[in-house]
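# Let me see the structure of the following:
(chains A and B)
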Amino acid sequence: MNSTSASNKILEISNLDLVFNSHVYKEKSLRQSFVDQFKNPLGLLQRNTNSLHVLKGVSLSLNQGDRLGVLGCNGSGKTTLCRVISGMLGPTKGQVKLDGHCRAIFNTAIGILPQLTGRENAQLLSVLMFPELEKKEREELVEEAIEFSELGDFIDTPFVHYSKGMQSRLSLSIISARVSDLLILDEVFDGADMFFREKITKRILDLIEKSGATILVSHNLDQIRLACNKVLVLADGRKWFLGDIEEGIKLYSSLG
Amino acid sequence: MHSIEIKHTTRQIIALTKSNMMSRYRKTIAGFLWVVLNPIIMYAVQSFVFRKLLKIEVPNYSLFLLCGLLPWIFITMTMDMVTPILDLSSDLLKSFKMNPVVLVLSQILDNFFNFLFAFFIVLIPTWIIMGGEWKGVFFLPLILFSLVVTTAAVCWLLATLQVFYKDVKFVVSFLLSILFFLTPIFYPVDYVPENYRFLVSLNPIYALIEPFRFSIYDFNLSLLLKGLAKSYFVMITTTIISYFYWRKKKNEFYLSL
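Residues are numbered from 1 along each chain as shown, chains lettered A, B, ... in the order given. Next comes the predicted model:
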(Lines give C-alpha, C1' and ligand atoms only; values in the text may rest on other atoms or scores of the structure.)
Protein backbone atom coordinates (compact mmCIF):
# COMPACT_ATOMS: atom_id res chain seq x y z
CA MET A 1 0.00 0.00 0.00
CA ASN A 2 3.05 2.26 0.11
CA SER A 3 2.25 4.38 -2.91
CA THR A 4 3.71 7.83 -3.49
CA SER A 5 1.75 10.81 -2.23
CA ALA A 6 0.13 13.07 -4.79
CA SER A 7 0.38 16.85 -4.41
CA ASN A 8 -3.21 17.83 -3.39
CA LYS A 9 -2.93 19.17 0.13
CA ILE A 10 -5.69 17.95 2.47
CA LEU A 11 -4.35 18.93 5.87
CA GLU A 12 -1.86 21.48 7.08
CA ILE A 13 -1.02 21.90 10.75
CA SER A 14 1.39 24.62 11.75
CA ASN A 15 2.92 25.21 15.16
CA LEU A 16 0.09 23.55 17.04
CA ASP A 17 0.02 24.05 20.80
CA LEU A 18 -2.61 22.77 23.19
CA VAL A 19 -2.60 23.71 26.84
CA PHE A 20 -5.08 22.56 29.47
CA ASN A 21 -5.55 23.95 32.95
CA SER A 22 -4.35 21.18 35.22
CA HIS A 23 -7.45 21.48 37.45
CA VAL A 24 -9.46 19.80 34.68
CA TYR A 25 -7.72 16.53 35.47
CA LYS A 26 -8.76 16.67 39.11
CA GLU A 27 -12.14 15.23 40.04
CA LYS A 28 -13.87 18.04 41.88
CA SER A 29 -17.26 18.28 43.52
CA LEU A 30 -19.23 21.50 43.89
CA ARG A 31 -18.49 21.31 47.60
CA GLN A 32 -14.74 21.14 46.99
CA SER A 33 -14.98 24.13 44.63
CA PHE A 34 -16.77 26.16 47.31
CA VAL A 35 -14.20 25.13 49.92
CA ASP A 36 -11.36 26.14 47.57
CA GLN A 37 -12.96 29.52 46.89
CA PHE A 38 -13.56 30.04 50.60
CA LYS A 39 -9.92 29.26 51.40
CA ASN A 40 -8.68 31.54 48.66
CA PRO A 41 -11.35 34.14 47.76
CA LEU A 42 -8.95 35.96 45.45
CA GLY A 43 -8.42 32.77 43.47
CA LEU A 44 -11.27 33.72 41.13
CA LEU A 45 -9.37 36.81 40.02
CA GLN A 46 -6.02 35.08 39.73
CA ARG A 47 -4.93 33.49 36.51
CA ASN A 48 -4.44 29.76 36.84
CA THR A 49 -0.75 29.14 36.26
CA ASN A 50 -0.91 25.34 36.65
CA SER A 51 -1.18 24.11 33.13
CA LEU A 52 -0.54 20.95 31.16
CA HIS A 53 1.12 21.41 27.82
CA VAL A 54 -0.34 18.49 25.87
CA LEU A 55 0.80 19.37 22.34
CA LYS A 56 3.93 21.41 21.70
CA GLY A 57 4.56 23.08 18.36
CA VAL A 58 3.38 20.21 16.17
CA SER A 59 3.53 20.90 12.42
CA LEU A 60 2.73 18.53 9.58
CA SER A 61 0.91 18.38 6.30
CA LEU A 62 -0.94 15.60 4.51
CA ASN A 63 -1.56 15.30 0.79
CA GLN A 64 -3.98 13.22 -1.18
CA GLY A 65 -2.92 9.58 -0.83
CA ASP A 66 -0.94 10.08 2.39
CA ARG A 67 -1.53 7.42 5.01
CA LEU A 68 0.06 8.51 8.23
CA GLY A 69 0.64 6.12 11.09
CA VAL A 70 0.90 7.80 14.49
CA LEU A 71 3.06 6.15 17.12
CA GLY A 72 3.84 7.18 20.65
CA CYS A 73 3.72 6.01 24.25
CA ASN A 74 0.52 6.42 26.28
CA GLY A 75 -0.03 10.10 27.08
CA SER A 76 2.18 11.34 24.25
CA GLY A 77 -0.71 13.27 22.67
CA LYS A 78 -1.78 10.96 19.81
CA THR A 79 -5.52 10.99 20.49
CA THR A 80 -5.47 14.65 21.49
CA LEU A 81 -3.82 15.56 18.18
CA CYS A 82 -6.53 13.61 16.32
CA ARG A 83 -9.26 15.35 18.30
CA VAL A 84 -7.80 18.76 17.43
CA ILE A 85 -7.64 17.84 13.72
CA SER A 86 -11.24 16.60 13.79
CA GLY A 87 -12.39 19.86 15.41
CA MET A 88 -13.47 18.33 18.73
CA LEU A 89 -10.78 20.39 20.50
CA GLY A 90 -9.58 23.88 19.61
CA PRO A 91 -5.84 24.66 19.57
CA THR A 92 -4.40 27.10 22.11
CA LYS A 93 -1.94 28.31 19.47
CA GLY A 94 -1.25 27.47 15.86
CA GLN A 95 -3.48 26.55 12.95
CA VAL A 96 -5.24 23.54 11.49
CA LYS A 97 -6.21 23.96 7.85
CA LEU A 98 -8.39 21.22 6.43
CA ASP A 99 -9.50 21.01 2.83
CA GLY A 100 -12.49 18.67 2.68
CA HIS A 101 -14.45 16.59 5.13
CA CYS A 102 -12.84 14.86 8.09
CA ARG A 103 -14.27 11.75 9.73
CA ALA A 104 -12.65 10.65 12.98
CA ILE A 105 -13.39 7.40 14.84
CA PHE A 106 -12.12 6.83 18.36
CA ASN A 107 -14.22 3.89 19.53
CA THR A 108 -15.71 0.88 17.79
CA ALA A 109 -18.42 -0.40 20.14
CA ILE A 110 -20.98 2.36 19.74
CA GLY A 111 -24.54 1.76 20.91
CA ILE A 112 -26.78 4.78 21.17
CA LEU A 113 -30.11 3.55 22.51
CA PRO A 114 -29.65 0.04 23.96
CA GLN A 115 -33.41 -0.61 24.14
CA LEU A 116 -33.67 -0.37 20.36
CA THR A 117 -32.67 -3.23 18.06
CA GLY A 118 -29.31 -3.54 16.34
CA ARG A 119 -30.92 -2.51 13.04
CA GLU A 120 -32.48 0.61 14.61
CA ASN A 121 -29.17 1.51 16.25
CA ALA A 122 -27.38 1.00 12.93
CA GLN A 123 -29.89 3.32 11.21
CA LEU A 124 -29.44 5.95 13.92
CA LEU A 125 -25.65 5.63 13.91
CA SER A 126 -25.65 6.11 10.14
CA VAL A 127 -27.50 9.45 10.50
CA LEU A 128 -25.21 10.62 13.28
CA MET A 129 -22.07 9.56 11.43
CA PHE A 130 -23.05 10.40 7.85
CA PRO A 131 -25.62 13.21 8.11
CA GLU A 132 -24.72 14.34 4.60
CA LEU A 133 -26.35 11.25 3.05
CA GLU A 134 -29.86 11.34 1.66
CA LYS A 135 -32.41 8.81 2.92
CA LYS A 136 -32.18 6.29 0.09
CA GLU A 137 -28.38 6.32 0.03
CA ARG A 138 -28.29 5.86 3.80
CA GLU A 139 -30.73 2.96 3.72
CA GLU A 140 -28.55 1.19 1.18
CA LEU A 141 -25.45 1.83 3.29
CA VAL A 142 -27.13 0.41 6.41
CA GLU A 143 -28.39 -2.70 4.60
CA GLU A 144 -24.93 -3.37 3.16
CA ALA A 145 -23.29 -2.88 6.57
CA ILE A 146 -25.81 -5.19 8.28
CA GLU A 147 -25.14 -7.89 5.72
CA PHE A 148 -21.39 -7.40 6.18
CA SER A 149 -21.68 -7.70 9.97
CA GLU A 150 -23.08 -11.26 9.65
CA LEU A 151 -25.28 -10.78 12.70
CA GLY A 152 -28.15 -12.70 11.11
CA ASP A 153 -31.38 -12.73 13.10
CA PHE A 154 -29.69 -11.00 16.02
CA ILE A 155 -29.91 -7.73 14.08
CA ASP A 156 -33.58 -7.39 15.08
CA THR A 157 -33.01 -8.06 18.79
CA PRO A 158 -32.33 -5.29 21.33
CA PHE A 159 -28.80 -3.91 21.26
CA VAL A 160 -28.65 -4.20 25.05
CA HIS A 161 -28.34 -7.99 24.70
CA TYR A 162 -25.33 -7.80 22.35
CA SER A 163 -21.93 -8.94 23.51
CA LYS A 164 -19.02 -6.50 23.18
CA GLY A 165 -17.87 -8.38 20.08
CA MET A 166 -21.30 -8.16 18.43
CA GLN A 167 -21.49 -4.44 19.21
CA SER A 168 -18.09 -3.97 17.57
CA ARG A 169 -19.13 -5.99 14.51
CA LEU A 170 -22.11 -3.76 13.89
CA SER A 171 -20.37 -0.44 14.64
CA LEU A 172 -17.28 -1.36 12.61
CA SER A 173 -19.44 -2.36 9.65
CA ILE A 174 -21.19 1.04 9.69
CA ILE A 175 -18.02 3.04 10.39
CA SER A 176 -16.16 1.42 7.51
CA ALA A 177 -18.98 1.83 5.00
CA ARG A 178 -18.03 5.20 3.57
CA VAL A 179 -14.87 6.95 2.45
CA SER A 180 -13.86 10.46 3.50
CA ASP A 181 -11.44 13.23 2.45
CA LEU A 182 -9.54 12.78 5.69
CA LEU A 183 -10.08 9.64 7.69
CA ILE A 184 -8.82 9.42 11.29
CA LEU A 185 -8.86 5.96 12.85
CA ASP A 186 -7.76 5.67 16.46
CA GLU A 187 -7.22 2.02 17.51
CA VAL A 188 -10.14 0.84 15.37
CA PHE A 189 -8.89 -2.66 14.62
CA ASP A 190 -9.48 -3.74 18.21
CA GLY A 191 -12.73 -5.08 19.61
CA ALA A 192 -13.90 -7.60 17.02
CA ASP A 193 -13.40 -11.34 17.48
CA MET A 194 -10.59 -13.10 15.58
CA PHE A 195 -12.94 -14.52 12.92
CA PHE A 196 -14.35 -11.14 12.04
CA ARG A 197 -11.05 -9.26 12.45
CA GLU A 198 -9.56 -10.52 9.21
CA LYS A 199 -12.67 -9.57 7.25
CA ILE A 200 -12.98 -6.10 8.81
CA THR A 201 -9.23 -5.42 8.47
CA LYS A 202 -9.54 -6.01 4.72
CA ARG A 203 -12.54 -3.66 4.57
CA ILE A 204 -10.80 -0.93 6.59
CA LEU A 205 -7.66 -1.20 4.46
CA ASP A 206 -9.85 -0.80 1.40
CA LEU A 207 -11.51 2.23 3.02
CA ILE A 208 -8.08 3.73 3.77
CA GLU A 209 -7.01 3.13 0.18
CA LYS A 210 -10.08 4.90 -1.21
CA SER A 211 -10.12 7.84 1.24
CA GLY A 212 -8.26 11.08 0.44
CA ALA A 213 -5.77 10.84 3.30
CA THR A 214 -5.69 8.79 6.48
CA ILE A 215 -4.31 9.11 9.98
CA LEU A 216 -4.06 5.78 11.74
CA VAL A 217 -3.26 5.59 15.46
CA SER A 218 -2.19 2.13 16.55
CA HIS A 219 0.23 0.33 18.82
CA ASN A 220 0.24 -2.55 16.37
CA LEU A 221 3.35 -2.07 14.23
CA ASP A 222 2.28 -4.64 11.63
CA GLN A 223 -0.93 -2.70 11.02
CA ILE A 224 1.07 0.50 10.60
CA ARG A 225 3.37 -1.25 8.11
CA LEU A 226 0.38 -2.65 6.24
CA ALA A 227 -1.78 0.46 6.06
CA CYS A 228 0.55 3.48 6.08
CA ASN A 229 3.14 5.09 3.87
CA LYS A 230 4.67 7.44 6.45
CA VAL A 231 4.85 7.61 10.21
CA LEU A 232 4.72 10.29 12.90
CA VAL A 233 6.27 9.59 16.28
CA LEU A 234 5.05 11.72 19.16
CA ALA A 235 6.83 11.96 22.49
CA ASP A 236 5.75 14.22 25.32
CA GLY A 237 3.46 16.17 22.98
CA ARG A 238 6.23 16.96 20.48
CA LYS A 239 6.79 15.78 16.95
CA TRP A 240 9.74 13.46 17.42
CA PHE A 241 9.92 12.05 13.92
CA LEU A 242 8.02 12.28 10.64
CA GLY A 243 8.99 10.20 7.66
CA ASP A 244 9.89 6.67 6.64
CA ILE A 245 7.97 3.88 8.38
CA GLU A 246 10.84 1.60 9.33
CA GLU A 247 12.95 4.48 10.63
CA GLY A 248 10.00 5.75 12.67
CA ILE A 249 9.26 2.31 14.10
CA LYS A 250 12.92 1.92 15.07
CA LEU A 251 12.86 5.25 16.86
CA TYR A 252 9.53 4.45 18.55
CA SER A 253 10.88 1.10 19.77
CA SER A 254 13.88 2.87 21.28
CA LEU A 255 11.61 5.25 23.25
CA GLY A 256 10.55 2.53 25.66
CA MET B 1 -22.13 27.40 11.91
CA HIS B 2 -22.61 27.13 8.13
CA SER B 3 -26.03 26.41 6.64
CA ILE B 4 -24.90 22.94 5.55
CA GLU B 5 -23.83 22.15 9.13
CA ILE B 6 -27.19 23.40 10.41
CA LYS B 7 -28.92 21.11 7.91
CA HIS B 8 -26.87 18.10 9.04
CA THR B 9 -27.32 18.88 12.74
CA THR B 10 -31.09 19.27 12.24
CA ARG B 11 -31.20 15.90 10.46
CA GLN B 12 -29.34 14.31 13.39
CA ILE B 13 -31.62 15.95 15.97
CA ILE B 14 -34.78 14.73 14.18
CA ALA B 15 -33.44 11.17 13.84
CA LEU B 16 -32.42 11.01 17.50
CA THR B 17 -35.74 12.51 18.64
CA LYS B 18 -37.67 9.84 16.71
CA SER B 19 -35.48 7.09 18.14
CA ASN B 20 -35.80 8.50 21.66
CA MET B 21 -39.57 8.44 21.34
CA MET B 22 -39.51 4.85 20.04
CA SER B 23 -37.17 3.76 22.81
CA ARG B 24 -38.97 5.52 25.64
CA TYR B 25 -42.28 3.67 25.37
CA ARG B 26 -41.05 0.35 24.00
CA LYS B 27 -42.24 -2.57 26.13
CA THR B 28 -44.62 -0.34 28.14
CA ILE B 29 -48.27 -1.37 28.23
CA ALA B 30 -49.72 2.13 27.94
CA GLY B 31 -47.11 3.24 25.37
CA PHE B 32 -47.66 6.77 24.09
CA LEU B 33 -50.68 7.11 26.44
CA TRP B 34 -48.21 7.91 29.21
CA VAL B 35 -47.71 11.26 27.52
CA VAL B 36 -51.22 12.33 28.53
CA LEU B 37 -51.68 10.04 31.50
CA ASN B 38 -48.85 11.62 33.45
CA PRO B 39 -50.13 15.25 33.30
CA ILE B 40 -53.76 14.16 33.70
CA ILE B 41 -52.99 12.19 36.87
CA MET B 42 -50.85 15.04 38.25
CA TYR B 43 -53.60 17.51 37.39
CA ALA B 44 -56.38 15.38 38.92
CA VAL B 45 -54.52 14.86 42.21
CA GLN B 46 -53.44 18.47 42.56
CA SER B 47 -56.82 19.80 41.54
CA PHE B 48 -58.47 17.64 44.20
CA VAL B 49 -55.98 18.49 46.95
CA PHE B 50 -55.80 22.24 46.36
CA ARG B 51 -59.42 22.90 45.51
CA LYS B 52 -61.27 20.44 47.72
CA LEU B 53 -58.92 19.94 50.67
CA LEU B 54 -57.01 23.24 50.85
CA LYS B 55 -60.04 25.22 49.55
CA ILE B 56 -58.16 27.50 47.19
CA GLU B 57 -60.71 29.98 45.89
CA VAL B 58 -59.91 30.69 42.28
CA PRO B 59 -62.56 30.92 39.52
CA ASN B 60 -62.16 28.28 36.76
CA TYR B 61 -59.52 26.59 38.89
CA SER B 62 -59.07 23.67 36.43
CA LEU B 63 -58.00 26.00 33.63
CA PHE B 64 -55.91 28.09 36.03
CA LEU B 65 -54.04 25.01 37.28
CA LEU B 66 -53.49 23.50 33.83
CA CYS B 67 -52.02 26.77 32.48
CA GLY B 68 -49.27 26.56 35.08
CA LEU B 69 -48.94 22.84 35.59
CA LEU B 70 -48.35 21.72 31.98
CA PRO B 71 -45.44 24.12 31.29
CA TRP B 72 -44.09 23.33 34.76
CA ILE B 73 -44.09 19.60 34.03
CA PHE B 74 -42.35 20.25 30.70
CA ILE B 75 -39.65 22.47 32.23
CA THR B 76 -38.89 20.31 35.27
CA MET B 77 -39.08 16.96 33.48
CA THR B 78 -36.77 18.26 30.76
CA MET B 79 -34.25 19.68 33.26
CA ASP B 80 -34.30 16.42 35.15
CA MET B 81 -33.73 14.32 32.01
CA VAL B 82 -31.26 16.58 30.21
CA THR B 83 -28.93 17.56 33.08
CA PRO B 84 -27.11 14.18 33.17
CA ILE B 85 -27.43 13.46 29.42
CA LEU B 86 -23.93 14.53 28.28
CA ASP B 87 -22.29 12.98 31.29
CA LEU B 88 -24.06 9.67 30.63
CA SER B 89 -23.27 9.77 26.91
CA SER B 90 -19.53 10.23 27.32
CA ASP B 91 -18.71 7.02 25.40
CA LEU B 92 -20.78 8.13 22.44
CA LEU B 93 -19.46 11.71 22.46
CA LYS B 94 -15.87 10.52 22.57
CA SER B 95 -16.39 7.92 19.83
CA PHE B 96 -16.64 10.28 16.86
CA LYS B 97 -17.21 13.93 16.14
CA MET B 98 -20.79 14.76 16.93
CA ASN B 99 -22.13 18.08 18.13
CA PRO B 100 -23.21 17.48 21.78
CA VAL B 101 -26.10 19.86 21.19
CA VAL B 102 -27.75 17.03 19.17
CA LEU B 103 -28.19 14.97 22.35
CA VAL B 104 -29.56 17.88 24.36
CA LEU B 105 -31.93 19.22 21.71
CA SER B 106 -33.31 15.83 20.72
CA GLN B 107 -34.34 15.13 24.32
CA ILE B 108 -35.88 18.61 24.60
CA LEU B 109 -37.74 18.15 21.32
CA ASP B 110 -39.03 14.76 22.47
CA ASN B 111 -40.37 16.31 25.69
CA PHE B 112 -41.73 19.31 23.80
CA PHE B 113 -43.80 17.07 21.48
CA ASN B 114 -45.17 15.30 24.54
CA PHE B 115 -45.97 18.67 26.09
CA LEU B 116 -47.73 19.89 22.93
CA PHE B 117 -49.72 16.68 22.75
CA ALA B 118 -50.90 17.06 26.35
CA PHE B 119 -51.47 20.78 25.76
CA PHE B 120 -53.85 20.20 22.84
CA ILE B 121 -55.56 17.12 24.26
CA VAL B 122 -56.07 18.38 27.80
CA LEU B 123 -55.71 22.13 28.06
CA ILE B 124 -57.31 23.41 24.86
CA PRO B 125 -60.56 21.39 25.33
CA THR B 126 -60.76 22.64 28.95
CA TRP B 127 -60.23 26.17 27.65
CA ILE B 128 -63.02 25.76 25.06
CA ILE B 129 -65.43 24.26 27.63
CA MET B 130 -64.79 27.11 30.04
CA GLY B 131 -65.23 29.72 27.30
CA GLY B 132 -61.76 31.29 27.35
CA GLU B 133 -60.87 34.49 25.49
CA TRP B 134 -59.87 33.58 21.87
CA LYS B 135 -57.57 36.60 21.31
CA GLY B 136 -54.93 35.10 23.59
CA VAL B 137 -54.43 32.11 21.28
CA PHE B 138 -52.59 34.26 18.73
CA PHE B 139 -49.82 34.85 21.25
CA LEU B 140 -49.28 31.15 21.93
CA PRO B 141 -46.54 30.65 19.28
CA LEU B 142 -44.50 33.48 20.84
CA ILE B 143 -45.03 32.07 24.34
CA LEU B 144 -44.14 28.52 23.28
CA PHE B 145 -41.03 29.79 21.49
CA SER B 146 -39.64 31.50 24.60
CA LEU B 147 -40.57 28.44 26.69
CA VAL B 148 -38.68 25.98 24.51
CA VAL B 149 -35.65 28.19 23.78
CA THR B 150 -35.16 29.17 27.43
CA THR B 151 -35.56 25.57 28.57
CA ALA B 152 -33.00 24.51 25.95
CA ALA B 153 -30.53 27.20 27.04
CA VAL B 154 -30.85 26.35 30.74
CA CYS B 155 -30.64 22.61 30.06
CA TRP B 156 -27.57 23.08 27.87
CA LEU B 157 -25.86 25.00 30.68
CA LEU B 158 -26.86 22.42 33.32
CA ALA B 159 -25.77 19.48 31.15
CA THR B 160 -22.37 21.12 30.58
CA LEU B 161 -21.99 21.93 34.28
CA GLN B 162 -22.86 18.33 35.18
CA VAL B 163 -19.83 17.13 33.22
CA PHE B 164 -17.56 19.18 35.49
CA TYR B 165 -19.49 18.99 38.77
CA LYS B 166 -21.21 15.71 39.48
CA ASP B 167 -23.45 17.26 42.15
CA VAL B 168 -25.38 19.42 39.69
CA LYS B 169 -28.15 16.87 39.00
CA PHE B 170 -28.80 16.50 42.74
CA VAL B 171 -28.86 20.27 43.25
CA VAL B 172 -31.26 20.68 40.30
CA SER B 173 -33.60 18.00 41.60
CA PHE B 174 -33.54 19.52 45.10
CA LEU B 175 -34.11 23.08 43.85
CA LEU B 176 -36.99 22.05 41.60
CA SER B 177 -38.82 20.34 44.45
CA ILE B 178 -38.50 23.55 46.49
CA LEU B 179 -39.43 25.77 43.56
CA PHE B 180 -42.68 23.89 43.06
CA PHE B 181 -43.97 25.44 46.28
CA LEU B 182 -42.34 28.83 45.70
CA THR B 183 -43.68 29.22 42.15
CA PRO B 184 -47.33 30.24 41.82
CA ILE B 185 -48.45 27.10 39.98
CA PHE B 186 -51.33 25.90 42.12
CA TYR B 187 -52.05 29.22 43.80
CA PRO B 188 -52.40 32.72 42.28
CA VAL B 189 -49.59 35.23 42.68
CA ASP B 190 -51.98 37.45 44.75
CA TYR B 191 -51.70 34.87 47.55
CA VAL B 192 -48.06 35.86 48.04
CA PRO B 193 -47.73 38.71 50.59
CA GLU B 194 -46.64 41.90 48.88
CA ASN B 195 -43.30 42.18 50.66
CA TYR B 196 -42.34 38.70 49.32
CA ARG B 197 -43.67 39.22 45.81
CA PHE B 198 -40.31 40.41 44.51
CA LEU B 199 -39.08 36.82 45.03
CA VAL B 200 -41.69 35.62 42.56
CA SER B 201 -40.60 38.24 40.04
CA LEU B 202 -37.02 36.90 40.34
CA ASN B 203 -38.14 33.36 39.57
CA PRO B 204 -37.18 32.66 35.92
CA ILE B 205 -39.50 29.65 35.67
CA TYR B 206 -42.47 31.78 36.63
CA ALA B 207 -41.45 34.30 33.94
CA LEU B 208 -42.03 31.51 31.40
CA ILE B 209 -45.31 30.32 32.91
CA GLU B 210 -46.98 33.69 33.57
CA PRO B 211 -47.68 34.50 29.86
CA PHE B 212 -49.68 31.24 29.55
CA ARG B 213 -52.01 32.51 32.27
CA PHE B 214 -52.47 35.92 30.65
CA SER B 215 -53.18 34.46 27.23
CA ILE B 216 -55.35 31.45 28.07
CA TYR B 217 -56.78 31.80 31.56
CA ASP B 218 -57.23 35.51 32.12
CA PHE B 219 -56.54 37.43 28.90
CA ASN B 220 -55.07 40.85 29.55
CA LEU B 221 -53.12 42.39 26.68
CA SER B 222 -50.92 44.80 28.62
CA LEU B 223 -50.03 42.23 31.29
CA LEU B 224 -49.44 39.63 28.58
CA LEU B 225 -47.05 41.89 26.67
CA LYS B 226 -45.23 42.74 29.90
CA GLY B 227 -44.98 39.02 30.73
CA LEU B 228 -43.75 38.24 27.22
CA ALA B 229 -41.07 40.95 27.46
CA LYS B 230 -39.91 39.44 30.74
CA SER B 231 -39.83 35.90 29.36
CA TYR B 232 -37.86 37.06 26.28
CA PHE B 233 -35.40 38.86 28.55
CA VAL B 234 -34.89 35.59 30.47
CA MET B 235 -34.55 33.72 27.18
CA ILE B 236 -31.87 36.05 25.78
CA THR B 237 -29.92 36.19 29.06
CA THR B 238 -29.85 32.42 29.58
CA THR B 239 -28.94 31.81 25.93
CA ILE B 240 -25.98 34.23 26.14
CA ILE B 241 -24.74 32.73 29.42
CA SER B 242 -25.02 29.15 28.10
CA TYR B 243 -23.29 30.00 24.84
CA PHE B 244 -20.32 31.75 26.45
CA TYR B 245 -19.95 29.12 29.16
CA TRP B 246 -19.84 26.42 26.47
CA ARG B 247 -17.30 28.35 24.40
CA LYS B 248 -15.08 28.81 27.46
CA LYS B 249 -15.32 25.18 28.52
CA LYS B 250 -15.39 23.37 25.16
CA ASN B 251 -11.85 21.99 25.34
CA GLU B 252 -12.09 21.03 29.00
CA PHE B 253 -15.46 19.41 28.29
CA TYR B 254 -14.02 16.53 26.26
CA LEU B 255 -11.28 16.08 28.80
CA SER B 256 -13.72 15.84 31.69
CA LEU B 257 -16.13 13.45 29.98
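# which residues in the chain form helices?
Using chain A here. Ranges of helices in chain A, per DSSP state H, are A:30-39, A:78-86, A:118-129, A:135-149, A:164-175, A:194-210, A:221-227, A:245-255.
# that's the other chain; I wanted chain B
Counting by DSSP H, the helices of chain B are B:3-25, B:34-47, B:61-82, B:85-88, B:90-95, B:101-118, B:124-129, B:140-164, B:168-182, B:197-201, B:204-212, B:221-256.
# Check which residues of the fifth one are buried.
Spelled out, that is helix B:90-95. For helix B:90-95, burial by neighbour count (16 or more other C-beta atoms under 10 Å in any protein chain shown) applies to B:92, B:93, B:95. (C-beta placed from N, C-alpha, C; glycine too.)
# Rounded mean pLDDT for that helix, please.
The pLDDT scores in helix B:90-95 average 90.
# residues making contact with that helix?
Outside helix B:90-95, the residues within contact range by C-beta atoms under 8 Å, 6 or more residues apart in numbering or on different chains are A:105, A:106, A:107, A:110, A:112, B:86, B:98, B:100, B:103, B:163, B:254, B:257.
# how does it look with 7 Å?
A:106, A:107, A:110, A:112, B:86, B:100, B:254, B:257 (C-beta atoms under 7 Å, 6 or more residues apart in numbering or on different chains).
# Kindly report the same for the third one.
Identification of contacts with helix B:61-82 by C-beta under 7 Å, 6+ apart yields B:39, B:42-43, B:46-47, B:51, B:58, B:104, B:107-108, B:111-112, B:115, B:118-119, B:122-123, B:126-127, B:130, B:132, B:147, B:151, B:154-155, B:158-159, B:172-173, B:176, B:185-186, B:205, B:208-209, B:212-213, B:216-217.
# tell me which parts of the stretch 51-200 of chain B are close to chain A?
For the stretch 51-200 of chain B, the contact set with chain A under C-beta under 7 Å from any C-beta of the partner chain comprises B:91, B:92, B:94, B:95, B:96, B:97, B:98, B:165, B:166, B:167, B:171.
# quick one, what contacts the closest residue to residue A:77 other than its chain neighbours?
Among residues not flanking residue A:77 along the chain, residue A:237 sits closest, at 4.3 Å (C-beta to C-beta, 6 or more residues apart in numbering or on different chains). Contact analysis of residue A:237 by C-beta under 7 Å, 6+ apart lists A:53, A:54, A:55, A:56, A:76, A:77.
# can you tell me which of those are in strands?
A:53, A:54, A:55, A:56 (DSSP state E).
# Quick one: neighbours of the third one, just the number.
It refers to residue A:55. Residue A:55 has 25 neighbours, counted by other C-beta atoms under 10 Å in any protein chain shown.
# Tell me, what's the model's pLDDT at it?
pLDDT at residue A:55 comes out at 94.
# Quick check: it vs residue A:91, distance?
8 Å (C-beta to C-beta, to the nearest Å).
# likewise the last one?
In this structure, residue A:56 and residue A:91 are 12 Å apart, going by C-beta to C-beta.
# Quick check: neighbours shared by the two?
If you check residue A:56 and residue A:91 against C-beta under 7 Å, 6+ apart, the residues they both contact are residue A:17.
# which stretch among the helices of chain A comes nearest residue B:250?
helix A:78-86 (11.3 Å; C-beta to C-beta).
# Can you tell me what sits against the closest one?
With C-beta under 7 Å, 6+ apart as the criterion, helix A:78-86 contacts A:11, A:16, A:18, A:54-55, A:58, A:70, A:72, A:89, A:91, A:96, A:102, A:104, A:106, A:184, A:186, A:215, A:217, A:234, B:97, B:254.
# From chain B, how far out is residue A:246?
Distance, residue A:246 to chain B, using C-beta to the nearest C-beta, to the nearest Å: 31 Å.
# coming back round to it: need the residues of the stretch 51-200 of chain B next to chain A in CSV (columns: distance to residue A:141).
Listed next are these as CSV, based on distance: C-beta to C-beta, whole Å:
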residue, distance to residue A:141
B:91, 23
B:92, 20
B:94, 23
B:95, 18
B:96, 15
B:97, 18
B:98, 17
B:165, 40
B:166, 38
B:167, 42
B:171, 43
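# so who does residue 97 touch?
Defaulting to chain A. With C-beta under 7 Å, 6+ apart, residue A:97 has these contacts: residue A:12.
# try chain B instead
Applying C-beta under 7 Å, 6+ apart, the residues near residue B:97 are A:86, A:87, A:88, A:104.
# Now with 6 Å, please.
A:86, A:88, A:104 (C-beta atoms under 6 Å, 6 or more residues apart in numbering or on different chains).
# Give me the common contacts of residue A:55 and residue A:91.
A:16, A:18.
# Residue ranges in chain B under the pLDDT threshold?
B:1 (pLDDT under 70).
# what residue is smack in the middle of it?
residue B:75 (2.2 Å; C-alpha atoms, centre = their mean).
# burial count for residue B:5?
Using other C-beta under 10 Å: residue B:5 sits among 11 other residues.
# just to revisit the earlier point, return the backbone torsion pair for the residue nearest to residue A:77.
Taking degrees, to the nearest 10, you get phi 80, psi 0 for the backbone angles of residue A:237.
# The closest residue to residue A:19 other than its chain neighbours and residue B:243: what is the separation?
In space, and not counting its chain neighbours, residue A:19 is closest to residue A:92: 4.5 Å by C-beta to C-beta, 6+ apart. Noted for residue A:92: a distance of 21 Å to residue B:243, by C-beta to C-beta.
# One more: residue A:179?
35 Å.
# Same check on residue A:14?
29 Å.
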